[in-house]
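Asks: no sequence on this one, just coordinates:
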């Protein structure tokens, strides 16, 4: 009887030891395997055009029209509320020597981090870039938690939705809120800008053609932003990027008797299509040089 109990105990302890080794090994294996699977899922043809941005890009570029005009597949990770972490993850998946059309996202730089989407997928190296740029540890951990169920992810799609034309601007966003966004100093601007700069640097090291787009705000917001502290910081980053990466600075002027803005920060479909025509023409004429386009509505 004692021998039987002893054998049962040994078998029980053996099962405990196997479980203690098996389950941690399984967890580690999954977290090493899924990122490799994500690399496979996110393997793209370098002849595609890759687009990233927040809602201004999502609403401001007609992906279908750009595809038709260039005769190329357009892959976009532009999403409303997209954060700098989303940009870093998207950039990581862009192949060498590709064309990348990237928003210069003033709204993202100035938006409270808690409102950034930052859910493209889990990438430890991108979290490290944020941390070394000065992002607080608690914010890095919050982003990691947001993506813990997105270890396996797809960075790019080919869908978008444009705001339909209206002959009046939607003022659901309060003008005072936008003015405050530019005039009140934001402690997080610096680390967001630094991490964004690092992402652009990585695109440059991949020998990508980089096309940056600075979208307009409605004129009343632009009046508030003019000469504000945050517009000065934004312009400083802008000219640093232009100088460091040899970008050609140009202004895309949209002339129309029709209203081109949907609300205080987003263009409608008419504005998006006018802009897309100009971007497509520029990409067809210049397939090499890095460009920085400031979009102006007159």
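Replies: The structure has been received and is ready for your questions. Keep in mind the model is a prediction, meaning the values are calculated, not measured.

Asks: can you give me the helices in the stretch 151-298 of the chain?
Replies: With DSSP state H, counting those that start in this stretch as the criterion, the stretch 151-298 of the chain has helices at 175-183, 189-205, 219-225, 229-244, 269-285.

Asks: mind putting the ones you listed in a markdown table, mean neighbour count and mean pLDDT included?
Replies: C-beta: built from backbone N, CA, C; applies to glycine. Below are the helices of the stretch 151-298 of the chain laid out as a markdown table (neighbours: other CB atoms under 10 Å; pLDDT from 0 to 100):
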| stretch | mean neighbour count | mean pLDDT |
| --- | --- | --- |
| helix 175-183 | 16 | 85 |
| helix 189-205 | 19 | 97 |
| helix 219-225 | 16 | 91 |
| helix 229-244 | 16 | 96 |
| helix 269-285 | 19 | 95 |
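
Asks: which one of the ones you listed lies nearest to residue 65?
Replies: Minimum separation from residue 65 across the helices of the stretch 151-298 of the chain (CB to CB) falls at helix 269-285, 4.7 Å.

Asks: so what are the domain limits for the chain?
Replies: Using automatic domain parsing, the domain parsing of the chain gives 1-41, 47-297.

Asks: before we move on, the earlier item: let me have the helices of the stretch 151-298 of the chain in a markdown table, adding distance to residue 122 as columns.
Replies: Below are these laid out as a markdown table (distance: least, CB to CB, whole Å):
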| stretch | distance to residue 122 |
| --- | --- |
| helix 175-183 | 30 |
| helix 189-205 | 17 |
| helix 219-225 | 35 |
| helix 229-244 | 27 |
| helix 269-285 | 32 |
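
Asks: most tightly packed of the domains of the chain?
Replies: Highest mean neighbour count among the domains of the chain (mean count of other CB atoms under 10 Å): domain 47-297, with a mean of 18.

Asks: from the chain's centre, how far out does it sit?
Replies: 6 Å (CA atoms, centre = their mean, to the nearest Å).

Asks: so for stretch 131-150, mean pLDDT?
Replies: Stretch 131-150 carries an average pLDDT of 92.

Asks: between the two ends of it, how far is it?
Replies: 20 Å (CA to CA, to the nearest Å).

Asks: related to what we said a few turns ago, and residue 48, which of the helices of the stretch 151-298 of the chain is closest to it?
Replies: Of these, the one closest to residue 48 (CB to CB) turns out to be helix 269-285, at 12.5 Å.

Asks: which elements pack onto the closest one?
Replies: Contacts defined by 3 or more CB pairs under 8 Å, 6 or more residues apart in numbering; DSSP states H and E place helix 269-285 against helix 55-60, helix 63-70, strand 209-214, strand 248-254, strand 291-297.

Asks: okay, those in JSON lines with mean pLDDT and distance to residue 271 next?
Replies: JSON lines is the format used below for those (pLDDT from 0 to 100; distance: least, CB to CB, whole Å):
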{"stretch": "helix 55-60", "mean pLDDT": "95", "distance to residue 271": "7"}
{"stretch": "helix 63-70", "mean pLDDT": "95", "distance to residue 271": "12"}
{"stretch": "strand 209-214", "mean pLDDT": "97", "distance to residue 271": "13"}
{"stretch": "strand 248-254", "mean pLDDT": "95", "distance to residue 271": "6"}
{"stretch": "strand 291-297", "mean pLDDT": "96", "distance to residue 271": "7"}
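
Asks: quick one: closest of the ones you listed to residue 129.
Replies: Closest approach to residue 129 among these (CB to CB): strand 209-214, 17.2 Å.
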